[in-house]
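>>> Any chance you can model this:
(chains A and B)
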Amino acid sequence: MATKKKVAAKKAAPKKAAAKPVVKKVAVKKPVAKKPAAKKAAPRKAAGKPATKPSTKTPAAKKVAVNQALAKNAPTRRPVAKKLSARKPAVGKAVAAPAFGAGGTQRAVEQFLYKQAEILDTRQWQSFIDLFTPDGVYWAPITPDQTEWEGSPSIFAEDKLMMEVRMRRLTHPQAWSQAPMWATNHLVSNVVVESETPTEVKVRSRFHMMELRRDTVRHFGGIYWHTLVKTAGGYRIKLQRVDMFNSQAPYEYVLQIWV
Amino acid sequence: MLHEPVPNLKKLVEPDRVHRLAYTDPDIFDLEIKEIFEKIWVYCGHESQVKKPGDYQTLTIGRQPMVMIRGKDMKVRVLYNRCPHRGVELCGNLKGNAGEALTCSYHSWRFHLDGKIESIPLMKGYDGTRMTVDNPDCSMRAAARVDSYRGFVFASLAPDGPSLPEFLGEAKIGFDDMCDRAPEGEVEVVPYCHRVIQHSNWKFFMENQLDALHPSVTHQSTGVAAAWVERDIKQKTGAAPLYYHYLSAFTMSFDKWDSVQTLNYPRGHGILKGYMGLRPDDPDTKAYVAKMYAAYGEEKAEKFLSRDIHHVLVYPYLSVQSPLQQIRVLRPIAPNKTLSEIWHFRLKGAPEAIYRRSLWYYNLVNSPATMINADDLENWTKGQWGLESSGMDWVSFHRDYGRDEERPDGSVYSKNGTSEAVMRSQFKAWVQYLAGDK
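Below is the predicted model of the structure:
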């Protein structure tokens, strides 16, 4: 029953959006205006109910609609995020749940990190970019002592526009080095909530990425520092800093996608 | 494997083609290490990398473990990074500070920062032997020759041979161009280094540097992607940051690339002329140009700012990209394995914005996550595999063969940017190094 209603809500939202593709911005703003009500409701419910089963009552259902509308209207060309839940990895269900509040910040940020890792491993580049705020930055410095992403020699230093260049390159038919078989496998662990304000959470975690390319596996590990902003659509990344523990070692080849 | 004496290497190199063994044979690689890399002037680092006494940077010259270190007399030396006693490495990190003296971790032999022996425990144990403190065999050995050009330190392990300025020849312009673009006339190293392994012979990189036909093919995906976003930004805001142009410029048409001339000099050095137009009309550039005028006067400053260079090759291991203040240094490891070190520099006295602008190139084109070199390295790896196969023996360098402009001093100016004059010239130098007049 609960699922059915959710599905119904999900279906309704895209239809609305599809009906008026021109007034996209208006469609975004309306749900956002309703945000406070939904936001207030969520934590209260959280106390009594498990995180994975959001209430089916209107506020939560509205929230789903809001999420959907946001996803639809985000600056995306391919809203691939849906595929993720279709593939049903362990995180799929949790991701659909209210993004924060229920289950506490710890659980919510963990789920977010798992979702991001899964997005990378399933090559959903647009979904990856959509995880960032409009001014979001992905930065991998060369050494831990670097503090500013701009003006620093870096392994990655990308705002959303540069991320889009990377995505467009990866999906270009003549991205020659994309021809050999490759895959990645991310594990994220040791998740620590460093600080939290009403609008922001800072999270530190450890990651291990294995990368297969042709017949060789490479390993990358290190620390993710996420500065997450709370939005109506859930967490969005303002800054993801990646300190690779092997950042100063010689690289056997080039990293073509985000770590 | 090649089991022929050295002079027959000449048989591998014809004016218009080269035998694949030049890229793959372990014996030839050995010979290159001994006869080229362990004899010529090899770049060690920039003086600003070792500012204080005891500061060091380790590196390899050919197969020799070396350390560039500043002494108490403020002189920069290049020493073999091993204890003269039993061979143990003395400076144990890529870079650091050795303190007052270098101490061997095995038997505590201690050395002054200039490499001279300071003390040996229980010295009386050497009484009556040839190992006395005045015996040079008790001290660290220094590279036979060390010299610097505008702050860039080089060492040669051979006592004889051309001087550093003679060796650099026309390629000196790379360092001049970089330093002259600084209002204070010198550069300072950015103390980080990208290190990327190429799974290919070092020659692939050297040839690729002046290969003007490859960019719009190899880098098509990145160029097109960047051009797309660049156009988007321009439509919205009127102007896109210059660094999008760094990437989108790779996809110029074949014809346009063909109009970019290469200059090829004796000893294999070369220059690819500029193609990006790195002097936009914006406030940052204006502020910079004003500083340059103040430092040098208008005429000289204009001469410095309008030099037409993309990058300069010091054959067989160095690429100096002076307008963007970066260098790429090759350290060959095996016939099919080459370490590249990429360094970036600040123009002393130039506005921060100018540094940041060139930094984008360093990060986007040369970081270990570059969208440009990803496709280059892929090409070279695949090329190496191809040349390791016996499918065909000869590598073709026929493009525009016979149509280059040869100058009396032995330099070759390509008529077309895509001429394979570059490779022909590099192999002329290669044969000269390995077979000489034999």
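>>> which parts of chain A sit against chain B?
Neighbours of chain B within chain A, by CB under 8 Å from any CB of the partner chain: A:140, A:142-143, A:150-157, A:161-162, A:164-170, A:172-177, A:248-256. C-beta here means a position set from N, CA and C on the backbone, and glycine is covered the same way.
>>> Now the buried members of those.
Buried by 16 or more other CB atoms under 10 Å in any protein chain shown: A:140, A:142, A:152-157, A:161-162, A:164-170, A:172, A:174-177, A:248, A:250-251, A:253-256, out of those.
>>> among the residues of chain A next to chain B, which are in strands?
Among the residues of chain A next to chain B, DSSP state E puts A:140, A:154-157 in strands.
>>> And for the residue lying closest to residue B:31 once chain neighbours are set aside, the neighbour number?
Closest residue to residue B:31 apart from its sequence neighbours, by CB to CB, 6 or more residues apart in numbering or on different chains: residue B:434 at 5.9 Å. When neighbours are defined as other CB atoms under 10 Å in any protein chain shown, residue B:434 has 21 of them.
>>> just residue B:265 next, same as before
22.
>>> Up against chain A, what does chain B have?
Residues of chain B lying close to chain A (CB under 8 Å from any CB) are B:94, B:190, B:192, B:194-197, B:199, B:218, B:220-222, B:224-226, B:228-229, B:232-233, B:244, B:247, B:339, B:344, B:352, B:355-356, B:359, B:362-363, B:367-371, B:373-375, B:377-379.
>>> just checking, which of those belong to strands?
Those of these lying in strands (DSSP E): B:194-197, B:339, B:344.
>>> which of these lies closest to residue B:426?
residue B:339 (19.7 Å; CB to CB).
>>> thinking again about what came up before, buried subset of the residues of chain B next to chain A?
Buried residues within the residues of chain B next to chain A, counting neighbours by 16+ other CB under 10 Å: B:190, B:192, B:194-197, B:199, B:218, B:220-222, B:224-226, B:228-229, B:244, B:247, B:339, B:344, B:355, B:359, B:362-363, B:367-371, B:373-375, B:377-379.
>>> Just list the residues touching the closest residue to residue A:190 other than its chain neighbours, thanks.
Distances taken as CB to CB, 6+ apart put residue A:206 closest to residue A:190, at 4.1 Å, once the chain neighbours are dropped. Contact analysis of residue A:206 by CB atoms under 8 Å, 6 or more residues apart in numbering or on different chains lists A:188-190, A:221-224.
>>> what about the helices in chain A?
Taking DSSP state H, the helices of chain A run over residues A:2-19, A:24-48, A:58-73, A:81-87, A:92-96, A:104-121, A:125-130, A:160-170.
>>> Now do the strands in the stretch 251-400 of chain B.
According to DSSP state E, counting those that start in this stretch, the stretch 251-400 of chain B carries its strands in the segments B:262-264, B:270-272, B:311-314, B:318-321, B:326-334, B:337-347, B:394-396.
>>> Sheet-wise, list the partners of the third one with their directions.
Right, the one you point to is strand B:311-314. strand B:270-272 (antiparallel), strand B:318-321 (antiparallel) (DSSP bridges).
>>> neighbouring contacts of the last one?
Contact partners of strand B:318-321, identified using CB under 8 Å, 6+ apart, comprise B:43, B:171, B:174-175, B:178, B:205-206, B:209, B:310-314, B:327-330, B:361.
>>> helices and strands around the lengthiest helix in chain B, which ones?
Under DSSP H, the helix in chain B containing the largest number of residues is helix B:220-237. Helices and strands touching helix B:220-237, by 3 or more CB pairs under 8 Å, 6 or more residues apart in numbering or on different chains; DSSP states H and E, are helix A:160-170, helix B:242-248.
>>> worst average pLDDT in those?
Ranked by mean pLDDT, the helices and strands packed on helix B:220-237 bottom out at helix B:242-248, which scores a mean of 92.
>>> how long is stretch A:224-242 end to end?
End-to-end span of stretch A:224-242 (CA to CA, to the nearest Å): 5 Å.
>>> My error: substitute stretch A:239-258 in the last question.
Stretch A:239-258 has an end-to-end distance of 14 Å (criterion: CA to CA).
>>> quick check: mean pLDDT across it?
If you average the pLDDT over stretch A:239-258, you get 93.
>>> Hmm, residue A:182 is touching residue A:213, no?
Yes. Proximity of residue A:182 to residue A:213 meets the contact threshold set by CB atoms under 8 Å, at 4.5 Å.
>>> circling back to that earlier point, and the longest helix of chain B, how far out from the chain middle?
The chain centroid and the centroid of helix B:220-237 are separated by 31 Å, computed with CA atoms, centre = their mean, to the nearest Å.
>>> List the contacts of it.
With CB under 8 Å, 6+ apart, helix B:220-237 has contacts from A:161-162, A:164-170, A:172-176, B:215-216, B:239-241, B:244-251, B:371-372, B:375.
>>> who does the helix or strand hosting the residue nearest to residue B:31 touch, helix- and strand-wise?
Using DSSP states H and E, residue B:434 sits within helix B:421-435. Counting contacts by 3+ CB pairs under 8 Å, 6+ apart, helix B:421-435 packs against strand B:13-14, helix B:26-32, helix B:202-209, strand B:262-264, strand B:270-272, strand B:412-413.
>>> Pick out the residue nearest the middle of chain B.
residue B:318 (2.1 Å; CA atoms, centre = their mean).
>>> Distance check, that residue against chain A.
As defined by CB to the nearest CB, to the nearest Å, residue B:318 lies at a distance of 18 Å from chain A.
>>> which residues touch residue B:216?
The contact partners of residue B:216, by CB under 8 Å, 6+ apart, come to B:223, B:250-254, B:257.
>>> Now list the buried members of these.
Neighbour counting by 16+ other CB under 10 Å classes B:223, B:250-252, B:257 among the contacts of residue B:216 as buried.
>>> Specify the stretch among the strands paired with strand B:311-314 that is closest to residue A:217.
Across those, closest to residue A:217 is strand B:318-321 (CB to CB), at 31.0 Å.
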